[in-house]
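K.L.:
Structure here, sequence nowhere to be found:
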């Protein structure tokens, strides 16, 4: 590549009385310009060791690990604000509309999602990997008034996790609730985050996220009271 570039330069300037230092400056500019281009293509960061444990649990501790699958899209648009600066944005999947409120109706009730609630501000520490837990395996820690319609675990810096959750109001009226997350790592006692108060309108939803208090999380439970 370098030899061809030199030949092309001398072909261009053949027969032209141009000082040699001008040719060298042009060559260096082209070379370093090509090398200095930042590659913004590609996908999310590779699975970290802690994320791989959730996707491929060790056989000797499989029952203690909440199984996850990798998803190519997030359903939390606000999560894009936590991406590391050089990570491409993943696909954002639109929130699925709720079923019609009356039988036989062709109208679709749009899900109302309130602003994100959290106890700490977002940081740009997410590598773009989206993990979705096996809801059949996940422990239930919430009342019949609500349904958890979406949960995502985002691996962040230093093997910690940010867990996003969408809580839907099924009570048929406006409600106030408190949401928290109980995290557990292998061979460690569980640690619970503080509860976040949320107000959810009738037939609406609220989003929240929680930062794991320890790295290398193996299991977590969303709590709603």
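P.N.:
Right, received. Where do you want to start? All of these numbers come straight from a predicted model, not from anything done at the bench.

K.L.:
contacts, neighbours, all on C-alpha from now
P.N.:
OK.

K.L.:
Tell me if I'm right that residue 147 and residue 169 touch.
P.N.:
Yes: under the criterion of Cα atoms under 8 Å, residue 147 makes contact with residue 169 at 6.8 Å.

K.L.:
Give me the more crowded residue out of the two.
P.N.:
residue 169 (24 against 16; other Cα atoms under 10 Å).

K.L.:
For that one, which residues count as its bridge partners?
P.N.:
Beta-bridge pairing for residue 169 (DSSP bridges): residue 146.

K.L.:
Over to residue 150?
P.N.:
residue 166.

K.L.:
who's in contact with it?
P.N.:
75, 164-167 (Cα atoms under 8 Å, 6 or more residues apart in numbering).

K.L.:
Confirm that residue 158 sits in a strand.
P.N.:
No: Residue 158 is assigned helix when assessed by DSSP: H, G, I helix; E, B strand; the rest coil, not a strand.

K.L.:
Ignoring the adjacent residues along the chain, who's closest to it?
P.N.:
In space, and not counting its chain neighbours, residue 158 is closest to residue 215: 7.0 Å by Cα to Cα, 6 or more residues apart in numbering.

K.L.:
Could you list which residues are in contact with the one you found?
P.N.:
50, 158-161, 185.

K.L.:
how about TSV for these, with distance to residue 66, pLDDT and neighbour count added?
P.N.:
TSV is the format used below for the contacts of residue 215 (distance: Cα to Cα, whole Å; pLDDT from 0 to 100; neighbours: other Cα atoms under 10 Å):
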residue	distance to residue 66	pLDDT	neighbour count
50	12	95	18
158	20	95	12
159	16	96	15
160	15	97	21
161	13	98	25
185	11	95	19
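
K.L.:
need those in TSV with distance to residue 68, can you?
P.N.:
What follows is the contacts of residue 215, written out as TSV (distance: Cα to Cα, whole Å):
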residue	distance to residue 68
50	12
158	19
159	16
160	15
161	13
185	15
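
K.L.:
Can you pick out the most distant pair from these?
P.N.:
The most widely separated members of those, counting by Cα to Cα, are 158 and 185 (14.3 Å).
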